[in-house]
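Q: fold the following.
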Amino acid sequence: MAVEDLDKKLDSLLSDKEVNWKEKADWRAKNKGWLKHSRKIAIKINSILKERKLTQKKLAEMLEVSPQQVSKIIKGRENLTLETISKIEKVLSIELIHISSKESVSDSLKNPKVIVFHFSVNPEIQAERPGNYNWAFEYKKNIPFLASPIN
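A: This next block holds a predicted model:
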């Protein structure tokens, strides 16, 4: 096979689109924090759907959103609003985010220090697969999230 034939073959295999892997990698790095939480929420929702034998389409109907929106949510690629999280919690009768504070609400509004997100797995899943599934994630200004098991 001549070099020209190899060049033609290679050109036919290459995409016409510019590869933007650098932009995608930069975007993922910039959005790492919420993507991590979105994936955890996605895992929990996927587990519930499997457990209850619900389809993505049925969840979309329950949430009154498109199936494409549900697909993004359960892939962990959607920056969920509190409104969307609340709707999911309501239609699935689950708790995705629990926020607690040692201070009173008025004190924390005046001087916010720590926000705690408490994620927990359905007790039935814990019974099937023993282990510590309860974790608290603390956010402190300018300090990365700290994760610790809840006993």
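
Q: got any ranges where this protein has weak pLDDT?
A: Counting by pLDDT under 70, the ranges of the chain that qualify are 1, 15-19, 100-151.

Q: helices of that one, residue ranges please.
A: For the chain, the helices defined by DSSP state H occupy 3-13, 21-30, 32-51, 56-63, 67-74, 82-92, 105-110, 123-128.

Q: so which of those comes closest to H98?
A: Closest to H98 of these, according to CB to CB: helix 82-92, at 10.2 Å. For every residue, glycine as well, the C-beta is placed using N, CA and C.

Q: alpha carbons of that closest one, in CSV - could you do that?
A: This file holds the C-alpha atoms of helix 82-92, laid out as CSV (Å, rounded to 0.1, in the frame of the first residue of the first chain):
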residue,chain,number,x,y,z
LEU,A,82,-32.7,22.7,45.3
GLU,A,83,-36.0,22.8,43.6
THR,A,84,-35.2,19.7,41.5
ILE,A,85,-33.7,17.9,44.5
SER,A,86,-36.9,18.6,46.5
LYS,A,87,-39.1,17.3,43.7
ILE,A,88,-37.0,14.1,43.5
GLU,A,89,-37.2,13.6,47.3
LYS,A,90,-40.9,14.1,47.2
VAL,A,91,-41.8,11.8,44.3
LEU,A,92,-39.5,9.0,45.5
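
Q: what's that helix packed up against?
A: If contacts are counted by 3 or more CB pairs under 8 Å, 6 or more residues apart in numbering; DSSP states H and E, helix 82-92 sits against helix 32-51, helix 56-63.
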